[in-house]
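In: Fold the following for me, if possible:
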Amino acid sequence: MFICNHCPFVLHLKKAIVKLSNFYMKKGLAVVAISSNSVTMHPQDGPEFMSEDAKLFKYPFPYLYDQDGRRPFELVYHGQFDDSRPSNNVPVTGKHLSLAIDCALSCQPVPSAQKPSIGCSIKWHPERQQDYS
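Out: Numbers count the residues shown, from 1 in each chain. Purely as a prediction, here's the structure:
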């Protein structure tokens with residue numbers, strides 16, 4: 001998953017992300033969190049603060065810093081965690097992500113109809129911005 005320390009949507013879900021990750025890691029899912037934000041634009045999203053955040057929330061997964069934004073993996077789910085938002089009072093359940101994980105772990109196709117993930121965009125380093133436009 002792509003997360004960062006400052007995004008209000010991620011802040012809203014952090015405890016649930018840890019809970020869901022712990023549950024599925026016991027079933028064999030490999031979980032990795034990645035921050036790709038420019039530390040020039042958002043120093044709080046850099047490796048030093050990521051480490052503090054990972055310890056504070058007891059992340060059971062690696063929290064990696066992707067400095068150049070080059071990821072050679074295929075993404076099978078790019079949808080939302082669930083329908084909860086920081087201001088809508090909908091309980092955090094992780095139901096959409098859980099369905100996708102259950103499908104992947106049982107070698108079934110992940111639903112192609114996916115509600116878009118909502119949160120902060122990746123803040124590319126200004127010198128790299130043209131690579132991702």
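In: tell me, how many neighbours does residue 1 end up with?
Out: Residues lying near residue 1 (other C-beta atoms under 10 Å) number 16. Where you see a C-beta, it was placed from the backbone N, CA and C, and this is true even at glycine.
In: now do residue 8
Out: When counting by other C-beta under 10 Å, one arrives at 12 neighbours for residue 8.
In: In contact with residue 28, which residues?
Out: residue 105 (C-beta atoms under 8 Å, 6 or more residues apart in numbering).
In: Against residue 100, how distant is residue 122?
Out: 21 Å (C-beta to C-beta, to the nearest Å).
In: ditto for residue 32
Out: Distance, residue 32 to residue 100, using C-beta to C-beta: 15 Å.
In: With residue 35 instead?
Out: 21 Å.
In: So between residue 32 and residue 100, which is more surrounded?
Out: Using other C-beta under 10 Å as the criterion, residue 32 and residue 100 rank with residue 100 on top: 17 against 12.
In: Run the chain-centre distance for whichever strand or helix holds the more buried one.
Out: Element membership of residue 100 [criterion: DSSP states H and E] is helix 95-105. With C-alpha atoms, centre = their mean, to the nearest Å as the basis, helix 95-105 stands 14 Å off its chain's centre.
In: Can you list the helices and strands that it packs against?
Out: Packing partners of helix 95-105 (3 or more C-beta pairs under 8 Å, 6 or more residues apart in numbering; DSSP states H and E): helix 8-25.
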